[in-house]
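Enquirer: build me a model from this:
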Amino acid sequence: MTRRRGKRQRQRDAQLLGLLLAVGTGIAVVVAVVHWLLVHWWVLVVVLVLAVFAGAGWLYRRQEAAAWERVRAQGLRYGLAQLDALHHTRFEDAVRELMRRDGCRDAVRVGGRGDLGADVKATDPFGRRWVIQCKHRRDGLAGGAVGTPDLRVLNGTARQVHGADVAVIVTNGRVTTPAVAFAKAQRLHVVDRHTLGAWAAGSRPLWELLRSVPPPRKPTALS
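Expert: Now for the predicted structure:
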């Protein structure tokens with residue numbers, strides 16, 4: 001009995017000694033790290049600055065995502081009558097907002113003098129670069145038709161100058177038959193009044209309404 005008690009006591013002593021050694025080693029490591037940081041204090045400053053930037057970036061992305069979800073939840077819609085009544089620059093703004101609604105967070109309006117055929121630029125969630133030329137007609141279908149010369153401008157700059165994967169012309173009016181044929185031959189996309197109405201009043205992204213859109217550039221959760 002005495003031998004068993006002695007054996008158990010030795011085991012407890014060994015366990016206690018191991019615990020004390022582990023605690024001592026941990027304390028020594030902490031002291032060494034603190035001492036090293038005191039000597040190399042600039043490393044701590046760099047780490048703190050990086051942590052602040054990382055935290056700010058994470059917070060910004062969360063706020064941006066939340067804001068975008070609120071916009072999507074509102075279900076941005078336009079009627080053709082609304083679009084007809086817009087000034088041509090506001091029409092470009094509306095096209096930009098529709099692209100943002102579809103998930104193109106970087107969509108911007110660049111239309112104006114010297115825009116080289118690009119009124120709106122955007123990158124969709126699949127990595128494709130969109131270049132859009134807008135042709136607003138205040139009289140809608142009664143206004144002047146979009147013709148082949150308009151498509152030639154887009155064809156000459158969209159890919160070569162702006163790096164477009166998808167080149168689109170959007171109008172609330174008419175498009176001539178030769179212009180449609182030219183667009184098809186040159187792999188351009190035409191959003192006429194009918195397609196615009198479906199896009200602006202619905203919730204489907206533009207690439208689901210167009211034919212022969214290039215495949216995604218990169219794999220995403222949506223692809």
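
Enquirer: low-confidence ranges in this structure?
Expert: Low-confidence segments of the chain (pLDDT under 70): 1-6, 64-74, 111-115, 218-223.

Enquirer: just give me the residue closest to the centre of it.
Expert: Taking Cα atoms, centre = their mean, the centroid of the chain lies closest to residue 105, which sits 4.1 Å from it.

Enquirer: buried residues, the top helix by length along the chain. List them.
Expert: The helix that spans the most residues within the chain, counting by DSSP state H, is helix 2-39. Buried residues in helix 2-39, counted by 16 or more other Cβ atoms under 10 Å: none are found. C-beta: built from backbone N, CA, C; applies to glycine.

Enquirer: same question for stretch 87-102.
Expert: In stretch 87-102, counting by 16+ other Cβ under 10 Å, buried: 91-102.

Enquirer: now tell me what touches it from outside.
Expert: The contact list for stretch 87-102, computed with Cβ atoms under 8 Å, 6 or more residues apart in numbering, reads 68, 71-72, 76, 78, 83, 86, 107-109, 111, 119-120, 122, 124, 130, 132, 134, 136, 170, 172, 199-200, 205-207.

Enquirer: quick one: the strands in the chain?
Expert: 108-109, 120-123, 129-135, 166-171, 189-191 (DSSP state E).

Enquirer: same list (the ones you listed) but as a markdown table, adding mean neighbour count and distance to residue 63.
Expert: Formatted as a markdown table, those follow (neighbours: other Cβ atoms under 10 Å; distance: least, Cβ to Cβ, whole Å):
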| stretch | mean neighbour count | distance to residue 63 |
| --- | --- | --- |
| strand 108-109 | 18 | 20 |
| strand 120-123 | 22 | 20 |
| strand 129-135 | 24 | 25 |
| strand 166-171 | 25 | 29 |
| strand 189-191 | 22 | 32 |
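
Enquirer: save those as TSV, and put in distance to residue 20 too.
Expert: TSV is the format used below for the strands of the chain (distance: least, Cβ to Cβ, whole Å):
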stretch	distance to residue 20
strand 108-109	65
strand 120-123	61
strand 129-135	65
strand 166-171	69
strand 189-191	75
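
Enquirer: of those strands, which is nearest residue 57?
Expert: strand 120-123 (19.3 Å; Cβ to Cβ).

Enquirer: ok, the residue nearest to the centre of the chain to residue 38 distance?
Expert: Distance, residue 105 to residue 38, by Cβ to Cβ, to the nearest Å: 44 Å.

Enquirer: how is the chain divided into domains?
Expert: 2-73, 77-208 (automatic domain parsing).

Enquirer: okay if I get the ones you listed as JSON lines plus distance to residue 214?
Expert: Below are the domains of the chain laid out as JSON lines (distance: least, Cβ to Cβ, whole Å):
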{"stretch": "domain 2-73", "distance to residue 214": "24"}
{"stretch": "domain 77-208", "distance to residue 214": "5"}
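
Enquirer: so which of those domains is nearest residue 216?
Expert: The nearest among the domains of the chain, by Cβ to Cβ, is domain 77-208 at 3.5 Å.

Enquirer: how near is the closest residue to residue 117 other than its chain neighbours to residue 133?
Expert: What sits nearest to residue 117 in space, not counting adjacent residues and going by Cβ to Cβ, 6 or more residues apart in numbering, is residue 157, at 4.1 Å. Distance, residue 157 to residue 133, using Cβ to Cβ: 9 Å.
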